[in-house]
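Novice: structure here, sequence nowhere to be found:
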């Protein structure tokens, strides 16, 4: 995983985990890799991973089972909220970008409709 | 998994224990030159700390003093609460920037040597790592390339269950694939009880492994901060900050 | 810890040292022997050379290698390993001294054998035999004298090696800047003088040697005078030993406190 230079790493790790939750790669209730293992995989200091996990726990996206480890939240509601939140942010970023390019709201709507008709960007 | 319990214990321990490395007003003069100037540091246990600075900034001098191969300094130095000496040497694993084992030795001789002198040496782990690096245990150091010699020494140093690992430029002359092995070994060996001090001039892609970094310039500490704090407060990576501070 | 250090010192040095000893055996025992069977006359001439030159050359080479090893293992790149071992200075030092003792003992045994060979070859020629008569008498000491002489000779050598080790360590001190090696020599000479002081003071060296003329007329070696000095002057021995102990203590302290690897 590549890390941007200007942002704390733990935030970027959180972002990546959230992305995986939203996309379904990490399912609700799935067991999360232990801190050490993920740290090794990413080549990152374990305390950084630890901080990311703690924050995610604080945000209700992860929880700890005393004897068995960490899990993604089972709350479908919470995940939905996250998904909505990231989608809303995606759209807001997009709209903001289009506005900065000088487009009016009606033009943005028109271009979006066109793009949907054509199927949008190819599926990853 | 007792991971959670471990983490809580880690937080507790880090709070109240003796710092692994503590220097106060450390100054080292070599004839006319001052290699270290009033260096005051405190490195807590369980951290992976990067030591960075241009050539001649005093990194190696600091490392030599901590490992006990250099004496005659002003100020105080404590490793795990003790002055560098025979006692600290048993808990400090040093990887110097040159081959320090006899060239006549075969790899398995080196393993036997370490086993003999260091009770915290894990022979099995060492042999495993050597096999993983695809190195022939029967070959002598004189027959290996410089890069392979460095790797073997690293294996030796990291196969000890030391309280403090002091690594002098372990990823400098080594190819990217081997660099990954180095960093991976460090992360595998990592435990709450051990501290790693690693000097490097390669920062990009490596800074993520550190808790904190120390910048040395002409023998003085110009920065000692957490990597994440640098990113959070200065909005730049340690690499970018380094280039800015040292204007290269 | 000490035994392990000696073990590894031996492993590090045995290749070089056994090569030298083997060369010595070939040149000073095997070759004369073979030559004797072919041409006794040539063998006798050759033996006269190996008789004195052989042991001297071997002796010099062994000492040189021992000192070289001390220098490399402590002050070369290997020093980065040696000085990070959890051991105090006196162990490092003692290990090197025992190593020196071991190899010099091996050399002494071989020297003895080669001398014996040379004597046997030379004796076969009656004219040379008479020339060498005084020397024979020297070597015809009884066992007790041989052992005393041998032991003191070896101890004297180890002591000499210790003084050399100390001098090397002194020469590496960071205070000297440029004059390190010179200071090393000065130190060595100083120790030699300190140890010979009583004998010199009493001006008895020559007297003692001539007193033991019953053993030999012609041979006046320093080590001979050590034997004589011991036999006749215990104070001298005490001074000698005291200086050695001080040198050992000082060297061990320097190794601990003044490490300064480049």
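Specialist: All right, it came through fine. Quick caveat, the model's predicted, so the values are computed rather than measured.
Novice: number of nearby residues for the residue in chain A positioned nearest to chain B?
Specialist: Closest residue of chain A to chain B, Cβ to the nearest Cβ: residue A:5 (3.3 Å). Placement of C-beta: from N, CA and C, glycine included. For residue A:5, the neighbour count with other Cβ atoms under 10 Å in any protein chain shown is 15.
Novice: pretty sure it sits in a helix.
Specialist: No: using DSSP: H, G, I helix; E, B strand; the rest coil, the secondary structure at residue A:5 is coil, not a helix.
Novice: for burial, what's the neighbour tally of the nearest residue to residue C:86 once chain neighbours are set aside?
Specialist: Using Cβ to Cβ, 6 or more residues apart in numbering or on different chains and skipping residues adjacent in sequence, the residue nearest residue C:86 is residue B:90, 3.7 Å away. Counted with other Cβ under 10 Å, the neighbours of residue B:90 add up to 19.
Novice: okay, now the domains of chain B?
Specialist: B:17-91+B:162-246, B:105-158 (automatic domain parsing).
Novice: domains in chain A, as residue ranges please.
Specialist: A:9-74, A:77-117.
Novice: would you list those in JSON lines and tack on mean neighbour count, distance to residue B:215 and mean pLDDT?
Specialist: Listed next are the domains of chain A as JSON lines, based on neighbours: other Cβ atoms under 10 Å in any protein chain shown; distance: least, Cβ to Cβ, whole Å; pLDDT from 0 to 100:
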{"stretch": "domain A:9-74", "mean neighbour count": "18", "distance to residue B:215": "18", "mean pLDDT": "91"}
{"stretch": "domain A:77-117", "mean neighbour count": "12", "distance to residue B:215": "36", "mean pLDDT": "89"}
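Novice: nearest to chain C among those would be which one?
Specialist: Closest among the domains of chain A, using Cβ to the nearest Cβ: domain A:9-74, at 26.3 Å.
Novice: ok, now which ones touch residue 42?
Specialist: Just going to use chain A. A:1, A:13, A:49, B:208 (Cβ atoms under 8 Å, 6 or more residues apart in numbering or on different chains).
Novice: let's do chain C instead
Specialist: If you count contacts by Cβ under 8 Å, 6+ apart, then residue C:42 has residue C:35 around it.
Novice: returning to what we had before: how about the residue of chain A closest to chain B, nearest residue that isn't a chain neighbour?
Specialist: residue B:237 (3.3 Å).
Novice: which stretches of chain A form helices?
Specialist: In chain A, the segments counted as helices under DSSP state H are A:9-23, A:35-42, A:46-58, A:76-100, A:105-117.
Novice: just the angle for the shortest one relative to helix A:9-23, thanks.
Specialist: Read that as helix A:35-42. 90 degrees (axes from the mean of the first three to the mean of the last three Cα atoms, to 10 degrees).
Novice: close to chain B: what parts of the stretch 151-262 of chain C are there?
Specialist: Residues of the stretch 151-262 of chain C that fall close to chain B, judged by Cβ under 8 Å from any Cβ of the partner chain: C:174, C:177, C:256-261.
Novice: among those, who's most crowded?
Specialist: Counting by other Cβ under 10 Å, top hit in those: residue C:259 with 23 neighbours.
Novice: residues contacting residue B:36?
Specialist: B:26-28, B:58, B:61-62, B:65, B:73, B:219 are the contacts of residue B:36 under Cβ under 8 Å, 6+ apart.
Novice: let's see 6 Å
Specialist: B:26-28, B:58, B:61, B:219 (Cβ atoms under 6 Å, 6 or more residues apart in numbering or on different chains).
Novice: and for residue C:87?
Specialist: The contact partners of residue C:87, by Cβ under 6 Å, 6+ apart, come to residue C:1.
Novice: rerun at 8 Å
Specialist: Applying Cβ under 8 Å, 6+ apart, the residues near residue C:87 are B:86, B:89, B:117, C:1, C:5.
Novice: quick one: the second one from residue C:70, how far?
Specialist: With distances taken as Cβ to Cβ, to the nearest Å, residue B:89 is found 20 Å from residue C:70.
Novice: over to the first one?
Specialist: Using Cβ to Cβ, residue B:86 is found at 20 Å from residue C:70.
Novice: the more surrounded of these two?
Specialist: residue C:70 (22 against 15).
Novice: all helices of chain B, in order?
Specialist: B:3-16, B:59-67, B:86-89, B:107-117, B:123-132, B:146-158, B:176-189, B:227-234, B:238-246.
Novice: mean pLDDT and distance to chain C added to the ones you listed, as JSON lines?
Specialist: Shown next, in JSON lines, are the helices of chain B (pLDDT from 0 to 100; distance: least, Cβ to the nearest Cβ, whole Å):
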{"stretch": "helix B:3-16", "mean pLDDT": "50", "distance to chain C": "24"}
{"stretch": "helix B:59-67", "mean pLDDT": "94", "distance to chain C": "6"}
{"stretch": "helix B:86-89", "mean pLDDT": "92", "distance to chain C": "4"}
{"stretch": "helix B:107-117", "mean pLDDT": "95", "distance to chain C": "5"}
{"stretch": "helix B:123-132", "mean pLDDT": "91", "distance to chain C": "15"}
{"stretch": "helix B:146-158", "mean pLDDT": "90", "distance to chain C": "9"}
{"stretch": "helix B:176-189", "mean pLDDT": "83", "distance to chain C": "18"}
{"stretch": "helix B:227-234", "mean pLDDT": "92", "distance to chain C": "29"}
{"stretch": "helix B:238-246", "mean pLDDT": "92", "distance to chain C": "25"}
